[in-house]
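1. what follows is a predicted structure for the sequence shown.
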Number of protein chains: 2
Amino acid sequence: MVQFVEIADPDDPRVAAFRGIRERDLVRGGAFVAEGTVVVGQLAASPFFVPKQLLVLRNRLNGIADLLDHLPDDMPVFVAERPVIDAVAGFAMHRGVLAVGEARAVPRLPLPERLAALAAEGRTVVAAVGIANHDNIGGIFRNAAAFAAGMVLVDETSCDPLYRKAIRVSAGAVLSVPFERVRAERLPDLLREAGFRAVALSPGGTLDLAALDAVREPVALVLGAEGPGLPPSLMARMETLRIDMAPGFDSLNVATSAAIALQRLYSARGGASEG
Amino acid sequence: MVQFVEIADPDDPRVAAFRGIRERDLVRGGAFVAEGTVVVGQLAASPFFVPKQLLVLRNRLNGIADLLDHLPDDMPVFVAERPVIDAVAGFAMHRGVLAVGEARAVPRLPLPERLAALAAEGRTVVAAVGIANHDNIGGIFRNAAAFAAGMVLVDETSCDPLYRKAIRVSAGAVLSVPFERVRAERLPDLLREAGFRAVALSPGGTLDLAALDAVREPVALVLGAEGPGLPPSLMARMETLRIDMAPGFDSLNVATSAAIALQRLYSARGGASEG
């Protein structure tokens, strides 16, 4: 049974982890903030992360009874009225259900072995290079989850998928799709050695999207930032794929491009029977 | 030649149209605000809208020389330093190039005739129903432009495509793709009578996405809000189309779903040769 703790004073030290979260991307020590019933539910169900504390608007308690039943015993659930939560969080758009979460200490195989296992299952993986925008990282994870991608690799220049806004935009997918940090320059070899065909999305790509239908190997879809795109030195080490657009139109949002390619792969490979 | 006007005082009445734009979606009298060189460039090139005034950071003037060459003669271009622009606009994230625009007075055929003409050309059109979120409306227009849709119909409950944030997220596409307001309940008959096959995107749709490849008629893609989706009474009057996703995954972002379906139609119909 979770432990309900009434909070009446916004300065109460027990809710320190929730203080001023609008302005901070991560809370102390790499912990992160999940917002809303759906995302906090994903956190509670995640094999990789675990909720440590909840802060809930009193009138939302009844609506999250199912969620509360699935939380670890003895987990503190702080309960407060709206003015108190708004004052703690520093903003009023928090959906009334907030959780602080952190990574579980789960033993994991080395990354090359995990990638090889995904390739052996025929799963698609995604790599994000230079994606500094929180909305775009969140959108990439959401779309990766929608089309059963097995992992997202995030390069050293992309933003942290556990930033508050990235988690929210991902609809919680950053808590369900495994991800790892990898230096961009390692990607081509790492992916190829694991058994993937590494394909970089690029407006000037050689392959047309429809060519994915004929690809039999597992695909790693490599995404660069809108505008600069992938570094040419990296792109030269992979196949490139384009999504044809109306003449004169510049480019799609990167998460949208990813969705189009992921859907094509998912559908060509039999969809749900695959994942 | 445009008329440069130095603005040193944020309270200068000549820049009244730019005052406090962060908090307002439209400026007085249905005029709107476009931000950034790309979007202001789209405004200058739009057949449907026209820039009336610009407010530009002094150090951005050189970078927009091409744009300035394409502005109407005698148009006021207000020039100011950053502290002045920030104080006028009410925020600092405005990219240093702002324009107030408004609709051109262009004679247009009645909507049924314009839709029939698009259907006769085999163009795809999009209808947005209940899309209240500015990001989503903007994303729908961006994706409609990317895949050469001929028009976006916007129902009475959707937000105004000319809201500041919608324009920005659309990358200016709301200024290039024609749109019209239409009551949602009129859509099925209006589209059918114009010659479109009206297809509603819905997670429980009857047709699978790939079925679009075999459709020969022009398609009108009808989009509802994430969460509630389209009203059942409306959906019952159209065909429905689903995009299969990983089991247990709830739904894609509506603009992303639209992109996937629009790309499929664009590609099946020969892409650029179509639009």
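-> It's in.
2. for the stretch 51-200 of chain A, which segments count as strands?
-> Taking DSSP state E, counting those that start in this stretch as the test, the strands found in the stretch 51-200 of chain A are A:76-80, A:97-103, A:125-129, A:152-154, A:179-181, A:197-201.
3. send me stretch A:24-37 as CSV with only the CA atoms.
-> Taking Å, rounded to 0.1, in the frame of the first residue of the first chain, the C-alpha atoms of stretch A:24-37 are listed here in CSV:
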residue,chain,number,x,y,z
ARG,A,24,14.9,22.2,-14.8
ASP,A,25,15.2,19.3,-17.2
LEU,A,26,16.4,16.7,-14.8
VAL,A,27,16.1,16.7,-11.0
ARG,A,28,19.0,16.0,-8.8
GLY,A,29,21.2,12.9,-9.5
GLY,A,30,19.8,12.1,-12.9
ALA,A,31,16.3,11.5,-11.7
PHE,A,32,13.6,12.8,-14.0
VAL,A,33,10.0,14.0,-13.8
ALA,A,34,7.0,12.3,-15.5
GLU,A,35,3.7,14.1,-15.9
GLY,A,36,0.2,12.9,-16.4
THR,A,37,-1.6,9.7,-15.7
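4. near chain B, anything from that stretch?
-> No - using C-beta under 8 Å from any C-beta of the partner chain, stretch A:24-37 never reaches chain B; the gap is at least 12.3 Å. The way it works is simple: take the backbone N, C-alpha and C, and place the C-beta from them, glycine included.
5. and what of stretch A:249-267?
-> Yes - judged by C-beta under 8 Å from any C-beta, stretch A:249-267 and chain B are in contact via A:249, A:250, A:251, A:252, A:253, A:255, A:256, A:259, A:260, A:263, A:266, A:267.
6. buried members of those residues into PyMOL, please.
-> To isolate the buried members of the residues of stretch A:249-267 next to chain B in PyMOL, using 16 or more other C-beta atoms under 10 Å in any protein chain shown:
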select buried, chain A and resi 249+251+252+253+255+256+259+260+263+266+267
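7. on that earlier part again, out of the strands of the stretch 51-200 of chain A, which is the most enclosed?
-> strand A:125-129 (a mean of 28; mean count of other C-beta atoms under 10 Å in any protein chain shown).
8. give me the distance from that one to the chain's centre.
-> When C-alpha coordinates are averaged (C-alpha atoms, centre = their mean, to the nearest Å), strand A:125-129 and its chain have centres 11 Å apart.
9. what's the answer for stretch A:185-195, then?
-> 21 Å.
10. so what touches that stretch?
-> A:111-112, A:115-116, A:118-120, A:125, A:127, A:129, A:153, A:155, A:182, A:198, A:217-218, A:220, A:222, A:234, A:237-238 (C-beta atoms under 8 Å, 6 or more residues apart in numbering or on different chains).
11. tell me, which of those residues make contact with chain B?
-> Applying C-beta under 8 Å from any C-beta, the subset of these adjacent to chain B is empty.
12. buried subset of those as a ChimeraX selection?
-> In ChimeraX, a selection of the buried entries from these looks like this (16+ other C-beta under 10 Å):
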select /A:111,115,116,118,119,125,127,129,153,155,182,198,218,220,222,234,238
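13. what pLDDT does the residue in the stretch 1-150 of chain A that chain B sits nearest to get?
-> Ranking the residues of the stretch 1-150 of chain A by distance to chain B (C-beta to the nearest C-beta) places residue A:148 first, at 3.9 Å. The model reports residue A:148 with a pLDDT of 97.
14. what do you get for residue A:19?
-> In this model, residue A:19 is scored at 88, pLDDT.
15. how many neighbouring residues does it have?
-> Residues contacting residue A:19 under the criterion other C-beta atoms under 10 Å in any protein chain shown number 17.
16. next one: residue A:172
-> 26.
17. what distance do you get for it to chain B?
-> Here the criterion is C-beta to the nearest C-beta, to the nearest Å. By it, residue A:172 lies 10 Å from chain B.
18. quick check: closest non-adjacent residue to that residue.
-> Of all residues beyond its chain neighbours, the one nearest residue A:172 is residue A:42 (3.2 Å), with distances taken as C-beta to C-beta, 6 or more residues apart in numbering or on different chains.
19. where does that neighbour sit: helix, strand or coil?
-> Following DSSP: H, G, I helix; E, B strand; the rest coil, residue A:42 is assigned to helix.
20. residues contacting it?
-> If you count contacts by C-beta under 8 Å, 6+ apart, residue A:42 has them with A:34, A:171, A:172, A:173, A:175, A:176.
21. what's the nearest residue to the residue of the stretch 151-275 of chain A found nearest chain B if we skip its chain neighbours?
-> Among all residues of the stretch 151-275 of chain A, residue A:246 sits closest to chain B, at 3.9 Å; criterion: C-beta to the nearest C-beta. Spatial nearest neighbour of residue A:246, excluding adjacent residues (C-beta to C-beta, 6+ apart): residue B:148 at 3.9 Å.
22. touching, that neighbour and residue B:125? I think so.
-> No - when contacts are counted by C-beta atoms under 8 Å, residue B:148 is not listed as touching residue B:125 (10.8 Å).
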